[in-house]
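Sequence isn't available, so here's the structure alone:
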């Protein structure tokens with residue numbers, strides 16, 4: 001067993017960038033690699049599909065920051081850009097019985113029935129946004145319009161805010177703050193300010209719903225009790241909202257954006273859907289695999305020294321889950337893993353992607369994200385069948401984070 005792969009540590013670009021070339025080079029050598037995070041913090045990243053799947057299921061790997069050695073030793077500054085992923089209270093940073101308790105309480109309110117009941121509203125919001133997209137294109141004289149800003153962003157933000165009872169006045173700022181929180185190129189001062197403001201805004205939301213309960217998830221979570229009478233504390237509730245605003249908004253935003261880019265880059269794939277050979281949910285699943293909305297997700301920490309596919313990961317090391325790498329791992333998805341293929345998900349024996357997690361921390365909002373994206377893509381291409389990119393793919397500015405994986409803007413022409 002080696003202490004690390006025989007190669008220089010990988011340094012994820014804090015400014016973002018497309019991860020796939022680097023992932024392919026890393027996967028050609030190893031399934032686990034050393035990384036250097038912002039601030040010269042040493043960590044590890046698990047890249048291979050099967051290796052990551054096994055790692056995410058291990059019971060000797062924790063999420064609690066109590067196991068983060070560098071944090072415990074005081075080597076992580078307050079403005080570290082990844083700090084929110086490590087210390088925000090809630091399901092993301094809890095283990096064992098505490099995690100089961102929180103997930104159970106949230107699950108009582110976040111039911112399949114509630115998600116299903118949202119479909120008509122998702123469809124209505126989608127129709128409104130498509131009207132707005134057409135108006136924006138008209139204002140531009142039929143020229144380019146930013147699909148991400150006018151469609152892919154406001155849909156999941158509107159849905160998540162309606163789900164949690166967030167007043168409209170806060171929605172634009174929540175998008176801006178969540179974008180800052182996941183940025184890995186942000187300054188320490190801005191990181192601290194964004195985190196504090198995000199918690200303050202969501203604290204106001206919680207206070208309003210406590211005073212005036214409604215038919216929303218925040219009100220339900222305030223009222224929900226476990227069988228023993230336990231309920232979420234205010235800190236846990238705000239932490240849960242932080243998680244869902246970021247995970248339920250940023251990831252779905254990236255998923256829709258990446259799917260549109262993929263379909264426009266290969267119109268034959270779009271024709272497979274239009275002909276009925278594949279469905280819109282196939283597009284969603286293949287996008288999740290091929291261009292995961294999350295590239296390298298923080299953090300897990302071994303509770304003792306562990307062997308992961310022949311590599312030693314020392315106790316307390318922060319480990320990133322390399323979802324974008326695992327999605328294109330040829331050992332799991334075949335020699336054509338780098339090809340976008342909407343028929344792939346329905347093929348017998350096709351490996352399931354890991355982009356929504358695996359094991360105890362599998363994404364609780366996965367059904368909502370899948371439904372939103374499928375509704376959004378179908379409505380978009382039915383309304384604008386001639387939609388096409390207005391800018392070459394290489395010219396699109398990338399998301400300023402190595403956590404999220406997408407582009408900052410997606411100018412398109414809607415066609416005739």
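Yep, it's here. Model, not experiment: these values are computed from the prediction.

tell me the strands in the stretch 51-200 of the chain, going along the chain?
Remark: strands assigned in the stretch 51-200 of the chain by DSSP state E, counting those that start in this stretch are 61-62, 145-146.

what's around the residue nearest to residue 150 when sequence neighbours are not counted, how many residues?
Spatial nearest neighbour of residue 150, excluding adjacent residues (CB to CB, 6 or more residues apart in numbering): residue 133 at 4.9 Å. (C-beta placed from N, C-alpha, C; glycine too.) Using other CB atoms under 10 Å, residue 133 has 23 neighbouring residues.

check contacts around residue 133.
Listed by CB atoms under 8 Å, 6 or more residues apart in numbering, the contact partners of residue 133 are 145, 147, 150, 151, 384, 414.

about what we covered before: could you dump the strands of the stretch 51-200 of the chain into JSON lines with mean neighbour count and mean pLDDT added?
Below are the strands of the stretch 51-200 of the chain laid out as JSON lines (neighbours: other CB atoms under 10 Å; pLDDT from 0 to 100):
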{"stretch": "strand 61-62", "mean neighbour count": "21", "mean pLDDT": "97"}
{"stretch": "strand 145-146", "mean neighbour count": "20", "mean pLDDT": "94"}
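
mind checking which of those strands is nearest residue 186?
With respect to residue 186, and counting by CB to CB, the nearest of the strands of the stretch 51-200 of the chain is strand 145-146 at 22.1 Å.

ok, residues contacting the helix or strand just after that closest one?
Following strand 145-146 in sequence order, the next helix or strand is helix 147 (DSSP states H and E). Contact with helix 147 is made by 133, 257, 260, 410, 411, 412, as judged by CB under 8 Å, 6+ apart.

what's the closest of those residues to residue 22?
residue 257 (20.4 Å).

tell me the phi and psi of the closest one?
phi -60, psi -50 (degrees, to the nearest 10).

show me what contacts it?
147, 148, 152, 406, 407, 410.

ok, now residue 295?
Contact analysis of residue 295 by CB under 8 Å, 6+ apart lists 19, 322, 323, 324, 402, 403, 404, 405.

show me where pLDDT drops low in the chain?
Within the chain, the stretches with pLDDT under 70 are 1-6, 108-110, 140-142, 225-230, 416.

tell me, which helix in this structure spans the most residues?
Using DSSP state H, we find that the single longest helix of the chain is helix 188-211.

quick one on the thing from earlier: could you dump the strands of the stretch 51-200 of the chain into CSV with distance to residue 314 added?
Below are these laid out as CSV (distance: least, CB to CB, whole Å):
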stretch, distance to residue 314
strand 61-62, 12
strand 145-146, 45
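
Of the ones you listed, which is nearest residue 289?
So among the strands of the stretch 51-200 of the chain, strand 61-62 is nearest, using CB to CB, at 23.3 Å.

what's that closest one in contact with?
55, 95, 300, 301, 302, 303, 306, 319.

That strand - which strands sit beside it in the sheet, and in what orientation?
When pairs are called by DSSP bridges, strand 61-62 turns out to pair with strand 296-302 (antiparallel).

Going by distance to residue 374, which of the contacts of residue 257 wins?
residue 152 (13.6 Å).

can you pull the contacts of the closest one?
253, 256, 257, 260, 376, 410.

Tabulate these in TSV, adding columns for secondary structure and distance to residue 353.
Shown next, in TSV, are those (DSSP: H, G, I helix; E, B strand; the rest coil; distance: CB to CB, whole Å):
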residue	secondary structure	distance to residue 353
253	helix	18
256	helix	17
257	helix	17
260	helix	19
376	helix	19
410	coil	22
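
ranking these by neighbours, who comes first?
Highest neighbour count within those, by other CB under 10 Å: residue 256, with 30 neighbours.

is it true that it touches residue 379?
No - contact criterion CB atoms under 8 Å: residue 256 and residue 379 do not qualify, at 10.9 Å.
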